[in-house]
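Undergrad: Here's my sequence, what's the structure:
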Amino acid sequence: MDEIVALYGDDGQPVGEAPRSRVRAQNLHHAATAVVVLDPADRVYVHRRTDTKDVFPGIYDVCAGGVLLAGEDPYDGAVREVAEELGVTGVELGPIFTGRYADAHTSYTAFGYVVEAWTGPIRWQPEEVAWGDWVDLADLVVRLNDPDWPLVPDSRALAGPWLRARAAHEVVE
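TA: Model (predicted):
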């Protein structure tokens with residue numbers, strides 16, 4: 001099924017809708033969610049995307065997320081995506097960033113959230129996640145700072161600054 005995706009304008013507000021296939025083919029500016037999942041030890045759940053993903057296949061990601069559907073609220077979309085991709089349900093999400101990302105593959109307004117202190121199971125969506133594990137925040141920041149580490153560029157650009165700031169704050173405490 002070709003999902004109907006919300007198109008977004010320069011002001012970060014919805015301006016229309018289009019089938020997902022058209023959004024990808026024409027690199028139309030849309031909206032997407034990005035959810036960082038932390039456990040009680042402040043480790044980040046990192047996963048490798050399947051080789052069949054339409055954007056950034058087969059590389060690591062620090063966020064679960066995806067496109068917003070037409071008429072979908074960003075928070076509701078984030079709840080839906082983290083449940084679909086990682087099986088994380090029944091949680092409150094905290095907002096951590098809003099930003100724009102664009103490259104030759106994708107262009108979108110991002111709505112970032114965090115799940116704090118997740119203790120439940122992780123259940124991968126097999127079409128989206130090929131591997132995953134918890135990574136210590138300090139170790140993750142070292143990887144984020146390595147341009148050769150195969151991380152999706154949008155998560156590096158959007159979630160990376162928040163993760164670095166979180167790690168710096170944890171050291172200070």
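Undergrad: can you give me the strands in the chain?
TA: 4-8, 14-19, 30-37, 44-49, 60-61, 94-102, 107-115, 129-135 (DSSP state E).
Undergrad: most packed of the ones you listed?
TA: Among the strands of the chain, ranked by average contacts under mean count of other CB atoms under 10 Å, first place goes to strand 30-37 (a mean of 26). Every residue, glycine included, has its C-beta placed from N, CA and C.
Undergrad: Can you find the helix or strand of the protein with the lowest average pLDDT?
TA: Using mean pLDDT, DSSP states H and E, helix 160-172 stands out as the lowest-scoring helix or strand of the chain, at a mean of 84.
Undergrad: helices and strands around that helix, which ones?
TA: Helices and strands touching helix 160-172, by 3 or more CB pairs under 8 Å, 6 or more residues apart in numbering; DSSP states H and E, are strand 94-102, helix 137-144.
Undergrad: still on that earlier bit, okay if I get the strands of the chain as TSV plus distance to W162?
TA: Putting the strands of the chain into TSV (distance: least, CB to CB, whole Å) gives the following:
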stretch	distance to W162
strand 4-8	21
strand 14-19	24
strand 30-37	7
strand 44-49	11
strand 60-61	14
strand 94-102	5
strand 107-115	7
strand 129-135	15
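Undergrad: now those strands as TSV including mean pLDDT and distance to V152?
TA: Listed next are those as TSV, based on pLDDT from 0 to 100; distance: least, CB to CB, whole Å:
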stretch	mean pLDDT	distance to V152
strand 4-8	96	19
strand 14-19	96	23
strand 30-37	97	10
strand 44-49	98	7
strand 60-61	98	5
strand 94-102	96	10
strand 107-115	97	12
strand 129-135	98	13
